[in-house]
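**Q** Provided below are the primary sequence and the corresponding predicted coordinates.
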Amino acid sequence: MGALGQRGNYTTAPPSSPSLPFHTVERLPHTALNRLFAAVYTCAILALLYRHAQTLLHSTTLVSFFITFSLLVSDLVLAFMWATSQAFRMNPVRREQFPENLKRKVKEQDFPKLDVFICTADPYKEPPMGVVNTALSLMAYDYPTDKISVYVSDDGGSALTLFAFMEASKFASYWLPFCRENNIMDRSPSVYFASTGPSWSSEAQNIKEMYENMKVRVENVVNRGEVSETYITNDQEREAFNKWTSAFTPRDHPTVIQVLLDSSKDRDITGHFLPNLIYVSRQKIKTSPHHFKAGALNVLLRVSAVLTNAPIILTQDCDMYSNDPQTLLKVLCYVFDPAIEPNLGFVQFPQKFIGINKDDTYGCEYKHLAVINPMGIDGLRGPYYCGTGTFFRRRALFGDPSTCIKAEILELNPNNTVNKPIKSPDVLALAHHVASCSYENHTEWGFKIGFRYGTLVEDFFTGFRLQCDGWRSVFCNPERAAFLGNAPINLADVLNQCKRWGVGLLEVGFSEYSPITIGTRSIGLMVMGLCYSHYSFWPLYAIPVTIYSFLPQLALLNGVSVFPKISEPWFFLYLFLFLGAYGQELTEYVLDGTSFRRWWNAQRMWMIRKSSSFSFGTVEYLLKSIGLSAPGFNVTSKVVDDEQSKRYDQGIFEFGVPSPLFVPLTMAAIVNLFSLIWVSISVFNGNFEEGLFLQILLAGCIVLNYLPIYEAIALRSDNGKMPTKITIIATFLAGALYTATFHCFQVMKY
Ligand SMILES: O=c1ccn([C@@H]2O[C@H](COP(=O)(O)OP(=O)(O)O[C@H]3O[C@H](CO)[C@@H](O)[C@H](O)[C@H]3O)[C@@H](O)[C@H]2O)c(=O)[nH]1
Ligand SMILES: [Mn+2]
């Protein structure tokens with residue numbers, strides 16, 4: 001093993017060229033501090049657990065036993081989550097790439113081909129113009145165009161999306177040379193035309209007009225819901241749209257594959273070849289499972305194998321456009337490094353978002369999930385797969401580095417060379433065949449080959465399985481974001497997305513490939529398995545967060561103390577544990593150059609997600625396990641509503657829809673507020689009990705976090721306020737909870 005095989009505090013080049021490295025890696029400076037802090041904090045956690053055990057043994061009543069037991073369970077979950085999260089902090093690294101050195105050493109004709117996979121699933125939640133912009137930005141990479149093929153998977157089976165791409169294929173012949181000749185950085189036309197000032201050349205002005213016209217046509221078609229005759233310009237197009245018969249529905253339809261651009265024939269206006277552009281909508285039959293995005297990706301994996309079979313694959317969500325045309329060259333810095341190449345499975349870029357407001361109201365930046373923790377795990381065997389912004393070696397999806405699993409037919413194998421034109425009838429016939437519903441029956445697809453099935457987080461699971469197979473990955477986080485995408489801008493969307501992740505992660509955590517068993521064994525590295533365990537059991541945070549949101553406050557309302565008194569030494573232990581965990585996260589945010597407010601919002605959303613999305617996610621997972629429900633992949637909307645977007649920009653929380661996900665939050669808000677009011681009254685009357693201090697502090701913190709909820713219940717009249725229905729249900733449930741616990745607490749007043 002070469003440079004990346006050893007782990008040390010070094011900055012090094014690939015062994016091939018010590019003076020002109022393709023890439024470097026260095027350990028982050030605060031690693032030693034992390035380790036020291038982890039040691040101290042571990043002692044504190046052990047002390048806490050010891051105290052719980054003591055209290056449990058000496059509890060005199062059933063109710064006090066129950067309280068201690070609940071707190072013990074909560075703290076055990078928190079301790080587990082804390083311990084596993086430390087794995088990310090043991091050896092974080094930062095990498096840098098030098099494409100200029102690569103270009104000096106490797107000839108352009110030796111660059112590998114690239115197949116880009118873009119997934120879309122619903123033309124109304126994912127507007128076709130957005131998908132088109134993503135595709136154009138990737139087609140316009142700084143790379144030999146005849147080496148790029150862009151595949152669009154349309155799980156929405158929509159003629160509207162196909163129409164948008166027919167338009168895009170025409171626009172591309174103007175846009176690509178324009179970007180190349182003017183060295184444009186923003187290669188998503190919508191971003192470029194929105195950002196630059198009025199000083200455009202007449203050429204730019206012309207192209208802008210073309211773009212606007214295309215946009216009008218596509219949006220007209222989408223608004224009407226059909227492609228009218230006037231928009232169809234030739235027989236070929238008509239023939240394509242004829243596939244949308246009256247029996248054609250998104251859940252039940254034949255395969256549609258349209259080669260919109262052929263890199264061996266189609267040229268742009270300057271005479272350069274254009275990249276391949278292929279529209280694929282796989283066959284769907286109502287009775288046959290389609291495995292959501294993983295299923296879509298596997299179809300693309302096969303269709304692309306038949307058509308182009310590039311050794312490098314980029315998987316991309318439809319909203320994640322390219323923000324840097326040099327990205328692929330940065331990937332090649334690893335692909336062409338002999339020291340890392342044999343086991344390199346994928347290169348992951350972080351998910352970054354545009355349109356997040358100043359203080360990131362919904363904590364959608366996911367700093368730990370998207371950047372800090374991937375850097376942490378990169379110092380072990382590489383980051384987890386995030387679903388988008390990922391360059392795979394095709395070979396990695398076919399078994400471990402030493403043995404390549406053979407696919408059923410020769411044409412699908414990663415080492416097969418395609419030597420027929422992509423439009424030849426037998427190639428297209430085979431492509432249709434491998435895109436059919438029944439193709440995967442009795443094969444290894446989704447289990448040993450390709451993207452893995454069995455969970456709603458196919459990305460996390462697939463990356464994990466590849467790493468178990470012995471592949472390593474690399475985290476690439478350049479200064480200028482490689483890709484940018486949309487983040488949801490209303491609370492219901494944020495919580496629903498997170499609920500889906502919750503279900504999916506538990507599906508991994510409790511599967512036969514659970515990272516806690518298989519992972520730690522087959523990855524060989526204990527620490528790596530801990531990282532994966534952390535996220536697989538992430539939704540279990542719902543347990544402690546729910547208990548801490550209700551139990552101490554209900555006890556407070558009954559005058560019962562559950563935490564140590566100020567005068568006890570244990571008091572300081574609690575303070576240390578609390579401030580330590582918060583302080584460490586805050587420090588990580590600050591070191592990363594993030595404002596205090598952003599951190600505050602992130603921690604608030606942490607609490608909200610855990611008590612709402614993860615509780616619902618856990619329940620849905622349980623219902624699914626006993627066969628009572630079948631949670632699906634509910635696609636996150638990428639449509640921006642003007643009124644909502646205005647409130648979002650002002651940082652106002654958006655409730656609006658009566659989502660059940662708001663109920664636990666509203667209940668917690670009510671219980672905490674009442675306990676705080678109740679205790680304030682008694683303190684005002686001169687009855688301060690020091691044993692209740694920590695409970696008051698906790699309730700105070702939660703009330704402070706939930707201020708937007710009170711506001712949404714009582715002070716707002718806009719469409720984003722808390723629906724009255726939710727307030728009534730939550731008040732009723734909170735009242736019932738209080739009454740039930742009141743009777744229990746009466747038994748144990750001491
Ligand atoms: O049946 C489906 C459902 C979804 N998608 C596509 O999957 C992508 C991600 O869907 P989105 O609704 O945006 O989900 P997010 O929760 O935002 O996605 C994150 O989480 C997913 C599940 O872990 C990953 O697949 C994504 O890459 C990751 O960005 C989109 O391009 C969809 O079009 C499909 O192709 N088919
Ligand atoms: Mn998304």
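**A** In hand now; what should we look at? Ligands and ions are numbered 1, 2, ... in the order given.
**Q** For the stretch 1-150 of the chain, which segments count as strands?
**A** For the stretch 1-150 of the chain, the strands defined by DSSP state E, counting those that start in this stretch occupy 23-27, 93-97, 114-120, 148-154.
**Q** can you pull the pLDDT of whichever residue of the stretch 651-750 of the chain sits closest to ligand 1?
**A** As assessed by C-beta to the nearest ligand atom, ligand 1 sits closest to residue 661 within the stretch 651-750 of the chain, at 15.1 Å. Every C-beta, even on glycine, is put in place using the N, C-alpha and C of the backbone. Per-residue pLDDT puts residue 661 at 98.
**Q** can you put the strands of the stretch 1-150 of the chain in CSV and add mean pLDDT?
**A** Below are the strands of the stretch 1-150 of the chain laid out as CSV (pLDDT from 0 to 100):
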stretch, mean pLDDT
strand 23-27, 96
strand 93-97, 97
strand 114-120, 98
strand 148-154, 98
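**Q** List the contacts of stretch 633-651.
**A** The contact list for stretch 633-651 (C-beta atoms under 8 Å, 6 or more residues apart in numbering) reads 121-122, 124-127, 130, 292-293, 318-319, 355, 357-359, 361, 456, 486, 488-490, 493, 496-497, 500, 654, 656, 718-720.
**Q** Pull out the buried residues from those residues.
**A** Buried members of those, counted by 16 or more other C-beta atoms under 10 Å: 121-122, 125-127, 130, 292-293, 318-319, 357, 361, 456, 486, 488-490, 493, 496-497, 500, 654, 656, 720.
**Q** Residue 722 and residue 665 touch, don't they?
**A** No. Assessed by C-beta atoms under 8 Å, residue 722 is found out of contact with residue 665, at 9.5 Å.
**Q** hey, which helix or strand in the protein has the poorest pLDDT?
**A** helix 520-522 (a mean of 60; mean pLDDT, DSSP states H and E).
**Q** next helix or strand past that one?
**A** Note on helix 520-522: by DSSP states H and E, the next helix or strand toward the C-terminus is helix 526-536.
**Q** Write out the residues of this structure neighbouring ligand 1.
**A** Proximity of the chain to ligand 1 (C-beta under 6 Å from any ligand atom) is limited to residues 119-121, 126, 153, 155, 292-293, 296, 317-318, 387-388, 457-459, 497, 633, 635-636.
**Q** mind listing which of these are in strands?
**A** Judged by DSSP state E, the residues of the chain next to ligand 1 include 119-120, 153, 317 as members of strands.
**Q** most neighbours, which of these?
**A** residue 120 (29 neighbours; other C-beta atoms under 10 Å).
**Q** That residue and residue 459, how far apart?
**A** 16 Å (C-beta to C-beta, to the nearest Å).
**Q** Residue 129 now?
**A** Distance from residue 129 to residue 459, by C-beta to C-beta: 25 Å.
**Q** quick one, which of the two is more surrounded?
**A** residue 459 (24 against 20).
**Q** so how far is stretch 182-199 from its chain's centroid?
**A** Chain-centre distance of stretch 182-199: 27 Å, with C-alpha atoms, centre = their mean, to the nearest Å.
**Q** Now it: buried residues?
**A** 184, 186-193.
**Q** go on, stretch 414-421?
**A** For stretch 414-421, by 16+ other C-beta under 10 Å, it's 414, 418.
**Q** quick one, phi psi at residue 325?
**A** Dihedral pair for residue 325: phi -70, psi -10, per degrees, to the nearest 10.
**Q** That one - how many residues pack around it?
**A** 21.
**Q** separation between it and residue 148?
**A** Taken as C-beta to C-beta, the span from residue 325 to residue 148 is 11 Å.
**Q** who touches both of these two?
**A** The contact lists of residue 325 and residue 148 share residue 141, where a contact means C-beta under 8 Å, 6+ apart.
**Q** which residue is nearest the middle of this structure?
**A** By C-alpha atoms, centre = their mean, the mean C-alpha position of the chain lies nearest to residue 386, the distance being 5.7 Å.
**Q** is it true that it touches residue 350?
**A** Yes. Residue 386 lies in contact with residue 350 (C-beta under 8 Å); the separation is 7.5 Å.
**Q** Ramachandran angles for the residue nearest to residue 335 when sequence neighbours are not counted?
**A** Excluding its sequence neighbours, the residue lying closest to residue 335 (C-beta to C-beta, 6 or more residues apart in numbering) is residue 341, at 6.3 Å. Backbone geometry at residue 341, expressed as degrees, to the nearest 10, gives phi -60, psi -50.
**Q** And for residue 743, the neighbour number?
**A** Other residues near residue 743 come to 10 when the count uses other C-beta under 10 Å.
**Q** Tell me, what's the model's pLDDT at it?
**A** pLDDT at residue 743 comes out at 86.
**Q** Also residue 30?
**A** Reported pLDDT at residue 30 in the predicted model: 85.
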